[in-house]
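Asker: Structure for the following, please:
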Amino acid sequence: MRILGIDPGSRRTGYGLIEATPQQNRYISSGCIRLPESKSLAERLVLLGDALGDLIQQWQPDCGVVEEVFFAKHPRSALVLGHVRGVVLLELGRRQVRLHEYAPRQVKQSLVGTGSAQKEQIQHMVRILLNLRSRPLQEDEADALAVSLTHAHILPLQQRLQRLP
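Answerer: Model (predicted):
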């Protein structure tokens, strides 16, 4: 199963694509979609939608995974992030890519073993789990791969539960 994780951001949106099999999770691609601050919010959202559409078309993921909404310190930041998430959900829906969402604490718990893990711990575990020890990862890229890995870890349990009578 090809899983596309997305870490929405108003300046940088991270993405991480993995291939999940019962035997292993394999890294395919990752990076950041950079959105120029010189553009208006509306222009950045259009650029993000176009870039995500291109990624989805290129890689044909089986599902998309995004962290659930969290509460930001500043109301304006939360609103902008909501707009960005809306574009992400729209592009996944438009291309009929199944959506899954996980709470930030659940992602940290899944990878590191504690819901209060630090960013550096997430980056470290992503490198280990995907055998990327020599490859530097940007924070947003690591977060997107982390949410992909979380789904890969939880998916087998979800599939078993669906088969129960």
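
Asker: Strands of this structure, start to end?
Answerer: With DSSP state E as the criterion, the chain has strands at 2-7, 12-20, 25-34, 63-67, 98-102.

Asker: Can you tell me which of those is most buried?
Answerer: Highest mean neighbour count of the strands of the chain: strand 2-7, a mean of 26 (counted as mean count of other CB atoms under 10 Å). In this view, the C-beta of every residue, glycine as well, is placed from N, C-alpha and C.

Asker: what packs against that one?
Answerer: Contacts defined by 3 or more CB pairs under 8 Å, 6 or more residues apart in numbering; DSSP states H and E place strand 2-7 against strand 12-20, helix 41-59, strand 63-67, helix 139-163.

Asker: got the contact list for Arg26?
Answerer: Residues near Arg26 by CB atoms under 8 Å, 6 or more residues apart in numbering: Ile18, Glu19, Ala20, Leu130.

Asker: distance of the last one from Cys32?
Answerer: In this case it means Leu130. Distance check for Leu130 against Cys32: by CB to CB, to the nearest Å, it reads 17 Å.

Asker: So what's the residue count around Arg11?
Answerer: 14 (other CB atoms under 10 Å).

Asker: just Gln121 next, same as before
Answerer: 15.

Asker: Now it: closest residue in space, sequence neighbours ignored.
Answerer: Leaving aside its chain neighbours, Gln121 sits nearest to Val112 (4.9 Å; criterion: CB to CB, 6 or more residues apart in numbering).

Asker: ok, now which ones touch the one you found?
Answerer: With CB under 8 Å, 6+ apart, Val112 has these contacts: Gln121, Ile122, Met125.

Asker: possible to save the residues you listed as CSV with pLDDT?
Answerer: Supplementary listing: the contacts of Val112 in CSV, determined by pLDDT from 0 to 100:
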residue, pLDDT
Gln121, 91
Ile122, 91
Met125, 93
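
Asker: Restricted to helices, list these.
Answerer: Secondary structure defined by DSSP state H assigns Gln121, Ile122, Met125 of these to helices.

Asker: which of these lies closest to Val69?
Answerer: Val69 lies nearest to Ile122 out of the ones in helices among the contacts of Val112, by CB to CB, at 18.7 Å.

Asker: what's the neighbour count on the closest one?
Answerer: That count, for Ile122 with other CB under 10 Å as the rule, works out to 22.

Asker: Surely it and Asp140 touch.
Answerer: No: with contact defined as CB atoms under 8 Å, Ile122 does not reach Asp140; the gap is 11.2 Å.
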